[in-house]
Structures are given as structure tokens and as C-alpha cells.
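> model this:
(one chain, ligands or ions: 1)
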Amino acid sequence: MKILVTGAAGFIGFHICKKLIFSDIEVIGLDNVNDYYDVDLKLSRLNELQKIAKLKQINFEFYKVDLIDFHKIGSIFCKSRETNSKISHVIHLAAQAGVRYSLENPTAYIDSNLVGFFNIIEQSKLNKVEHFYYASSSSVYGGNNKLPFEEKDNVDKPISLYAATKKSNELLAHTYSHLFNMPTTGLRFFTVYGPWGRPDMALFKFTRAILNNEPIRVFNQGKMLRDFTFIDDVIQSIFSLLMKNSLDKDLNSKNKPRNSNKFTPYKIFNIGNSKPTKLNDYIIAIENNLGKKAQVILDDMQPGDVEATFADTNLLQKYINFKPNTSIEDGIKKFINWYLEYHYN
Ligand SMILES: NC(=O)c1ccc[n+]([C@@H]2O[C@H](COP(=O)([O-])OP(=O)(O)OC[C@H]3O[C@@H](n4cnc5c(N)ncnc54)[C@H](O)[C@@H]3O)[C@@H](O)[C@H]2O)c1
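Numbering: from 1, shown residues only. Just a heads-up that it's a prediction; the model follows:
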């Protein structure tokens, strides 16, 4: 198994690379290391990965490449083939993330999440990867009122450009699975948090502001419900899916009928904690861990935001016999320990 991980300098990409390296699996990382948030944090993650790879005596190749460059992506596959160990799997996590930023800079979403997605899935097909995994998002459920969100729910009404790009990715993946028999698995992540997390997300922003005695802006008066999901649970889910799928004979059979309507090797899973928490309670858990109160400025709901996310994870649990379950208290504690160590030691 040799895995190309896109978005390797990003939050989830870093953690999955780490897990793979620790599991003695060969990894190639790709990222354009853009400045949507602190580039130093991305470089530190890459540095950490190199250190772990050295320790494990495993080669971790990294390519600073933009997904927009179809030919450069192709040359990574080509180079890997020349070394007699071709890329067998792709875990595609690189994307322009964030709901609110998609109102400010829509072009970034079209370039990375639509054109970039096409480039990587097309190269994966051309280079005959065995399985293509990709990040989708809970935001595809848009303003759906039925909770919890199930994979079979209708997701035809995205309410942000970001969500629309993620839904488009799922449609493209289905087409590739159907037409070319390429197994694909979409991962609908629900607000992932934890050590080495993203500075544009609530936990990082709130922690930094509280420590610096700055006020925090809390949208929808803090009444928003989020299914906060701890990073270790997300990584365990992806890794278990990878292992389970690699043992699935039907999925990996070379004799599957082409263009069959009966069998399309396409799956989607919710990856969430299945325990929605009020934003206000999340803030209390941060305050408790820091031993310090936040100065809260209550604000209205932001365009594109949804009021509640809540994952039904039965499908995931049935398939891999695992579901995310880390409590907010434990998860936030681990984040804050990392934050203090990273910034102050
Ligand atoms: N973190 C979450 O809560 C969450 C929730 C739902 C979905 N997701 C999705 O999961 C994936 C990973 O998210 P994350 O939280 O690690 O985000 P992240 O921003 O930390 O990581 C994404 C990485 O992709 C890279 N990237 C962006 N555009 C690129 C391009 N054109 N070419 C090459 N690299 C590019 C960025 O530099 C970044 O390092 C994304 O697809 C995101 O949309 C994340």
C-alpha cells in the first residue's frame, strides 16, 4: 500500500499522515501550503511528519504542488511508478475549507474544490488507484431540519458555496465509481477539532482570545448546536475504513462488470460524534480548562451557517465497528495542552 495524501500540511491531513507513518505505510504528501491561515503552523506540521518518518525509518516524500496543476499531479504518480511502487490509494483532503470565507473569496473554492477535485480524481483514474477517499462535509445537509443527519437524506439544497462544492465532489465521485469502476469513499466530517487544529475554527480562536484577554464573537447568541468530533476519532474512522476496504473482495475484484447499475463501488459515511453540543457549553468547557472566563460578544447568525449539525453514525458503526465517542471535556483538554505546549514552550 502506498498512499498519496493531499492536504498533508493541513489539520486532518497531518494527522492521517502521522497515523499511516506510524503504521509503517508509505505516504506521499501533497499540499500547496497556502496562506489561508498561519503558514508556520503548516510548516511545523510537515516538520513533525519528517521527524516521525525519520524515527520510523520510513520515507515521507512531500510535494508542494497546487491541485490546479493537472500535469504536476500526474508527474507525482509517474515518479512513484518509476520507483516500482505505484500509488495504490489516494486520500484527498486538500480543499479550501470554511463556510464564511466562501462569501469573501468564492474563486478559491471553485479553483481548489471543483477544478482541483476534478484534477486529482481524473489522475487517480488514469493511474488506476485502487481506492479514492475524499473529504466531504456535514455542510452538505444544508438547512435540513430532520435530525440526526443520515447519509440517505436528501442533500440537494446546499446553503453555502463551500457546501455546494462538497456536494459536487460527491456527484463527481459517484460518476467515476460508476463509469470507471473506481471505488470511492466520501467522508462527511462534522466540525473536527483537536491538537494541531485550524486557527480559523472556534476552538483555536476562542482559546487564543481568552488567553490574550480579547473578546470573542459568538454567533447565533451561542445557541448553535455542533456535533464536535475529536481528531483521533476521525483518524481511527478513516484508518479502519482503509483497512476494511482493502480486505473487501467484491470491491477489489478486477472482474466487476463495467457501467453496471447493480454495483457501483461508491460509499459515503458521516464521521461525527453523534452528540451535538451547544456552542455556549463548548465555551464553558474551554473556560474550565483555561481557568479563565471569556469576554463574550453575542452576535447574529452568519449567512451560510446552519443552526444545528448532528451525525447519525449507524452506517459507519455497522461497517467498521467503531464510532467517534470522545467527550468534549477530554477533547478540549487535549487541545489546550497542545496549544500551551506549542505556543509557550
Ligand atoms: N476540519 C473540519 O472540521 C472539517 C469539516 C468538514 C470537512 N472538512 C474537510 O476536510 C478536509 C481537510 O480539512 P482541514 O480541517 O484539515 O483543513 P486545512 O485547511 O487544515 O487543510 C487543507 C489543506 O489543503 C491545502 N490546500 C488547499 N487548497 C489547495 C490546493 N489548491 N492545492 C494543494 N493544496 C491545497 C491547504 O494548504 C491545507 O493545508 C477539507 O477538504 C475540508 O473541507 C473539514
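> Between the two ends of stretch 290-303, what distance do you get?
Using C-alpha to C-alpha, to the nearest Å, the end-to-end distance of stretch 290-303 comes to 31 Å.
> any idea of the mean pLDDT for that stretch?
Stretch 290-303 shows a mean pLDDT of 93.
> As a check, name the ranges of all helices in the stretch 1-150 of the chain.
Taking DSSP state H, counting those that start in this stretch as the test, the helices found in the stretch 1-150 of the chain are 11-22, 39-56, 70-82, 101-104, 106-109, 116-126.
> Could you dump these into JSON lines with distance to residue 150, mean neighbour count and mean pLDDT added?
Bear in mind the C-beta positions are built from the backbone N, C-alpha and C, glycine included. Converted to JSON lines, the helices of the stretch 1-150 of the chain look like this (distance: least, C-beta to C-beta, whole Å; neighbours: other C-beta atoms under 10 Å; pLDDT from 0 to 100):
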{"stretch": "helix 11-22", "distance to residue 150": "23", "mean neighbour count": "23", "mean pLDDT": "98"}
{"stretch": "helix 39-56", "distance to residue 150": "33", "mean neighbour count": "15", "mean pLDDT": "97"}
{"stretch": "helix 70-82", "distance to residue 150": "34", "mean neighbour count": "15", "mean pLDDT": "96"}
{"stretch": "helix 101-104", "distance to residue 150": "25", "mean neighbour count": "16", "mean pLDDT": "93"}
{"stretch": "helix 106-109", "distance to residue 150": "26", "mean neighbour count": "16", "mean pLDDT": "98"}
{"stretch": "helix 116-126", "distance to residue 150": "24", "mean neighbour count": "20", "mean pLDDT": "98"}
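> what's residue 224 in contact with, if anything?
Residue 224 is in contact with 278-279, 301, 305, 307-308, counting by C-beta atoms under 8 Å, 6 or more residues apart in numbering.
> And these, which is closest to the ligand?
Ranked by distance to the ligand (C-beta to the nearest ligand atom), the contacts of residue 224 are led by residue 305 at 13.4 Å.
> would you list the helices of the stretch 1-150 of the chain in a markdown table and tack on distance to the ligand?
Output for those, formatted as a markdown table (distance: least, C-beta to the nearest ligand atom, whole Å):
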| stretch | distance to the ligand |
| --- | --- |
| helix 11-22 | 4 |
| helix 39-56 | 5 |
| helix 70-82 | 9 |
| helix 101-104 | 10 |
| helix 106-109 | 7 |
| helix 116-126 | 5 |
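> Let me know which of those helices is the nearest to residue 145.
Proximity to residue 145, assessed across the helices of the stretch 1-150 of the chain by C-beta to C-beta, is greatest for helix 101-104 (22.5 Å).
> Give me the residues contacting the closest one.
Helix 101-104 is contacted from outside by 36, 96, 108-109, 160-162, 165, 200, 303-304, using C-beta under 8 Å, 6+ apart.
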